[in-house]
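Enquirer: Structure here, sequence nowhere to be found:
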Ligand SMILES: [Zn+2]
């Protein structure tokens, strides 16, 4: 995990929003490879293992970390159909002008993460619950969080929800973390998240903008 990402993270537990504390044990440049995230409100501690943050807690990390090396249980690789757009198209949907800040891709949509991170180097992209094959890197942080987005309200410049995360609570979470006036893309053209003004709908996608009020 890119260490500066800590500034927009929050504990996903159901309590008031607060900062979290990152305790790196092993670093690679600006990336935390091993360590932990602590919540000052509920005292939860979330491990960082292999560069990934596990907001599901220590059990989730123990289950997931060996799986990446050995392949998923059962032998067959996880089937993840490619998204119906490429990173260049996604860049135009997201309309990110200027450098700085963060953008999040959730679920299947995170497969495009490493590519769009290279296309838009001024914005730090990160994935939440990405497909198994998407590994964390210096350009792309990876978080696992089963219940909610572990991200502060109105803190990211763009949100993309994959088809596997196009329902609730993820639609409401996506709108919550997005800054006003900026873009949400959902891999489900039937989606109509509250608080979003529709810009385009079709080809399996909804592109919208967060309303000012
Ligand atoms: Zn907490």
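Expert: Happy to help now that I have it. Small disclaimer: the values here were computed from a predicted structure and weren't measured. Residues are numbered from 1 along each chain as shown.
Enquirer: Domain ranges for the chain, per the record?
Expert: As recorded under automatic domain parsing, the domains making up the chain are 3-70, 87-210.
Enquirer: hey, which of those is tucked in deepest?
Expert: domain 87-210 (a mean of 19; mean count of other CB atoms under 10 Å). Every C-beta, even on glycine, is put in place using the N, C-alpha and C of the backbone.
Enquirer: is the ion contacted by it?
Expert: No. Using CB under 5 Å from the ion, domain 87-210 stays clear of the ion, coming no nearer than 9.6 Å.
Enquirer: quick one: contacts for residue 94?
Expert: Counting by CB atoms under 8 Å, 6 or more residues apart in numbering, residue 94 touches 103, 116, 157-158, 160, 183, 185.
Enquirer: between those, which is closest to residue 84?
Expert: residue 185 (11.5 Å; CB to CB).
Enquirer: Make sure that closest one is actually in contact with residue 159.
Expert: Yes. At 7.4 Å, residue 185 and residue 159 qualify as touching, with contact defined as CB atoms under 8 Å.
Enquirer: got the domains of the chain as TSV, with mean pLDDT columns?
Expert: Below are these laid out as TSV (pLDDT from 0 to 100):
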stretch	mean pLDDT
domain 3-70	88
domain 87-210	96
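Enquirer: With secondary structure as extra columns, can I get the contacts of residue 94 in TSV?
Expert: Output for the contacts of residue 94, formatted as TSV (DSSP: H, G, I helix; E, B strand; the rest coil):
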residue	secondary structure
103	strand
116	helix
157	strand
158	strand
160	strand
183	strand
185	strand
